[in-house]
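J.: got a predicted structure here, sequence first:
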Amino acid sequence: MTKKKLGTTWLGGCSGCHMSLLDIDERILDVAKLADIVKCPIVDGKDFPEVDIALVEGSVTSDEHWKEIKHIRKNAKILIAFGDCAVMTNVTGMRNYFPLKEVFDAAYVNAVSNDTEGQVPNHEALLKLNDKVVPLQEVVHVDFVIPGCPPSADTIFYVLFEFLNDRIPNLSDVKKLKYG
Ligand code: SF4
């Protein structure tokens, strides 16, 4: 079987889903037999390349995330929403209950830990937060979701292993599997 290409990235998330990916431990060797990891947060390279499978953590919170997920969609045969923030905004979406200005003021102006001169950063190099955080499927078609905050390492490995072997995962099978 030809080796597949796997890419992972994070948008608006805390990186916890990727920490859980690392928890697959030595099973990463099984993944490496079937796929080259051509993009991930510790692989250098600016643009997300063409891949067979893209794991995307986090939700869409900014203009840059919007462009990035559209770009990934064009370049990925299978796009997986990785973790609850990607699937339904989760923690990242908690700011949706407040106007954006209030959110910025809470973080940069009114927080007790700020100095008295606290002000909202404003520079053209900074990404522009959208008014509302949205999950991936509100911007692009998503092929599969891995729920959880974070998803368990067993679930992540199972989903990857199935797709890498050209099978469609069935998440209800995860509990029946024994790893390690
Ligand atoms: S789903 Fe949980 S662990 Fe994953 S990015 Fe969101 S908050 Fe972090």
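T.: Cool, got the structure. Residues are numbered from 1 along each chain as shown.
J.: run a quick neighbour tally on Cys40.
T.: 15 (other Cβ atoms under 10 Å). From N, CA and C alone the C-beta is placed, and that goes for glycine too.
J.: pretty sure it is touching Lys5, no?
T.: No. With contacts counted by Cβ atoms under 8 Å, Cys40 stays clear of Lys5, the gap being 11.6 Å.
J.: enumerate every residue touching the spatially most central residue of the chain.
T.: Centroid-nearest residue in the chain, with Cα atoms, centre = their mean: Glu57, separated by 0.9 Å. Going by Cβ atoms under 8 Å, 6 or more residues apart in numbering, Glu57 touches Thr8, Thr9, Trp10, Leu11, Gly13, Ser15, Cys17, His18, Phe82, Gly83, Cys85, Ala86.
J.: which residues touch the fourth one?
T.: Right, Leu11. Leu11 neighbours (Cβ under 8 Å, 6+ apart): Val56, Glu57, Gly58, Ser59, Val60, Thr61, His65, Glu68, Ile69, Ala86, Leu136.
J.: make it 10 Å
T.: By Cβ atoms under 10 Å, 6 or more residues apart in numbering, Leu11 lies in contact with 56-62, 64-66, 68-69, 72, 82, 85-86, 92, 133, 136, 139.
J.: and if you look at Lys74?
T.: Contacts of Lys74 by Cβ under 10 Å, 6+ apart are Phe48, Glu50, Val140.
J.: Produce a ChimeraX select command limited to the buried residues of those.
T.: In ChimeraX, this line selects whichever of the contacts of Lys74 come out buried by 16 or more other Cβ atoms under 10 Å:
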select :48,140
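J.: and which of the contacts of Lys74 is nearest to Leu127?
T.: Comparing the contacts of Lys74 against Leu127 with Cβ to Cβ places Phe48 closest, at 16.3 Å.
J.: in what helix or strand does the residue nearest to that closest one when sequence neighbours are not counted lie?
T.: Distances taken as Cβ to Cβ, 6 or more residues apart in numbering place Ile72 nearest to Phe48, at 5.0 Å, with adjacent residues excluded. Assigned by DSSP states H and E, Ile72 belongs to helix 63-75.
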